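Enquirer: Turn this into a model:
(chains A, B, C and D)
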There are 2 protein chains.
Amino acid sequence: MSIPATAYALLGLLSFDRELSGYDLKKWADSSLRFFYWSPAISQIYSELKRLDAMGYVTSREVPQDELRNKRVYRITDEGRAALVEWVEHDDVEPPMLKHSPLLRVWLGHLTTPARLRAILESHRVYAARMRDDALGAATSSAPRPGMEFPAVVTAWSARYYEREIEMIDELLAEISELE
Amino acid sequence: MSIPATAYALLGLLSFDRELSGYDLKKWADSSLRFFYWSPAISQIYSELKRLDAMGYVTSREVPQDELRNKRVYRITDEGRAALVEWVEHDDVEPPMLKHSPLLRVWLGHLTTPARLRAILESHRVYAARMRDDALGAATSSAPRPGMEFPAVVTAWSARYYEREIEMIDELLAEISELE
DNA sequence: GGGAGCATGTAACGGGTTACATGATTGG
DNA sequence: CCAATCATGTAACCCGTTACATGCTCCC
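Expert: This next block holds a predicted model:
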């Protein structure tokens, strides 16, 4: 019985030795995984946590959040850690999946005007700049903790990725102008 | 009633004014869409074609393939073309979706050895080089036909994308060595 | 003879999303 | 007072995949 990559990603977040709630995991995913992988919907996080719990890969307990409410926090188990290590060390690595919607529109450029393509690319440029800045922000905001070197390397990689994305948008913009 | 992006992608393939079978569409997708978007499974292509047919966005007819068998070829209709143009011109463009599995493994680098990470990245490097070469091949093999300028631009973009991916893998490899 | 390519499709399944439901606390 | 944030979960739905089924032709 195998579990989806998203479950391993969550297990990965928990592998940095902390107790986290579903809500915490969502925020963490949004400020790390999001840049190079994906941030699952909160509802999926809750259901994956249930599955991981049922498999014995995590344990959970309730902690008081305030006077009236509790929240459920999760901790990775030894079996969970072993399964995660196994996944990193021995499982096949799928190729990256890229679904570049703005490019799909450019590919269909014969159906529209250069102005529309430019607008799409400008807006994608804003998005990429935003992602770069967010990745840069995530890199600087979190103090370099021991054991967190790899996430730091990947976050830096992500910032470079979006920087290059911007360069490539500009190249495309220039090429589209030439086509006119 | 909206249709998925994949359906528009297929409609897009048909928008270059040719009659194509499901099988043809799969081959075409593999040598164009695959580099920057995704190539749907053949089974999905057949079911999307049925949906597009039901919506009146394509028509189909059977043509003899050899003495014994027929094949069904599809042609975009005026309504299909109008819907596609509408999609390109007025629909919101989703941000690109990236699920970088090799990077997810690197992000979990604390769970394994540098040697394993290097192996993963080397293998990803081979994949990226392959994609670059395939994109380059697709660019040169298809003679520059009129009306196909945008696909050519996007294929060239894809080749650059994978070239940069290789550069970024090498940078990562260097950073991982430094971490040791 | 057998594998690769041509050609089309169905069924089962699962991963993941959106919408919905609920309710407390904090800060402008 | 109202929006945002904290916090958890269910249900419906759909996109897309893999596995399965079928059968012909071409070439080694």
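
Enquirer: use CA for all of it now, contacts and neighbours both
Expert: OK.

Enquirer: Assess the claim that residue A:46 and residue A:22 are in contact.
Expert: Yes. Using Cα atoms under 8 Å, residue A:46 is in contact with residue A:22, at 5.9 Å.

Enquirer: what about those two, which has more around it?
Expert: residue A:22 (21 against 16; other Cα atoms under 10 Å in any protein chain shown).

Enquirer: List of residues touching the least confident helix or strand in chain A by mean pLDDT?
Expert: The helix or strand of chain A with the lowest confidence, counting by mean pLDDT, DSSP states H and E, is strand A:58-64 at a mean of 92. Applying Cα atoms under 8 Å, 6 or more residues apart in numbering or on different chains, the contact partners of strand A:58-64 are A:49, A:52-53, A:70-77, A:80.

Enquirer: now, which of these lie within strands?
Expert: Of the contacts of strand A:58-64, the ones assigned to strands by DSSP state E are A:70-76.

Enquirer: Now the buried members of those.
Expert: A:72-76 (16 or more other Cα atoms under 10 Å in any protein chain shown).

Enquirer: Kindly indicate which of these lies nearest residue A:92.
Expert: Checking these against residue A:92 with Cα to Cα, the nearest one is residue A:76 at 22.8 Å.

Enquirer: pLDDT weak spots in chain A?
Expert: Across chain A, the ranges flagged by pLDDT under 70 are A:67-68, A:143.

Enquirer: what residues does chain A put near DNA strand D?
Expert: Remark: the part of chain A in contact with DNA strand D comprises A:21-24, A:42-44, A:46-47, A:65, A:71-73, using Cα under 7 Å from any atom of the strand.

Enquirer: how about a cut-off of 6 Å?
Expert: Taking Cα under 6 Å from any atom of the strand as the criterion, the neighbours of DNA strand D within chain A are A:21-23, A:43, A:46, A:65, A:71-72.

Enquirer: just the residues you listed now: which is nearest residue B:38?
Expert: The nearest one, if we look at those relative to residue B:38 and count by Cα to Cα, is residue A:43, at 26.0 Å.

Enquirer: Return the residues in contact with that closest one.
Expert: By Cα under 8 Å, 6+ apart, residue A:43 has no neighbours at all.

Enquirer: would it count as being in a helix?
Expert: Yes. Under DSSP: H, G, I helix; E, B strand; the rest coil, residue A:43 sits within a helix.

Enquirer: Look up how far residue A:118 lies from residue A:174.
Expert: If you measure residue A:174 against residue A:118 using Cα to Cα, to the nearest Å, the figure is 10 Å.

Enquirer: Let me know whether stretch A:38-48 sits next to DNA strand C.
Expert: Yes. Where contact is defined by Cα under 6 Å from any atom of the strand, part of stretch A:38-48 touches DNA strand C, namely A:39-41, A:43-44.

Enquirer: Can you name the two of the residues you listed that sit furthest apart?
Expert: Spanning the widest gap among the residues of stretch A:38-48 next to DNA strand C are A:39 and A:43, at 11.4 Å by Cα to Cα.

Enquirer: Would you mind listing the buried residues in stretch A:142-158?
Expert: The neighbour-count check on stretch A:142-158 (16+ other Cα under 10 Å) flags A:148-158 as buried.

Enquirer: cool, stretch A:44-57 as well?
Expert: Of all the residues in stretch A:44-57, those buried under the rule 16+ other Cα under 10 Å are A:45-46, A:48-50, A:52-53, A:57.
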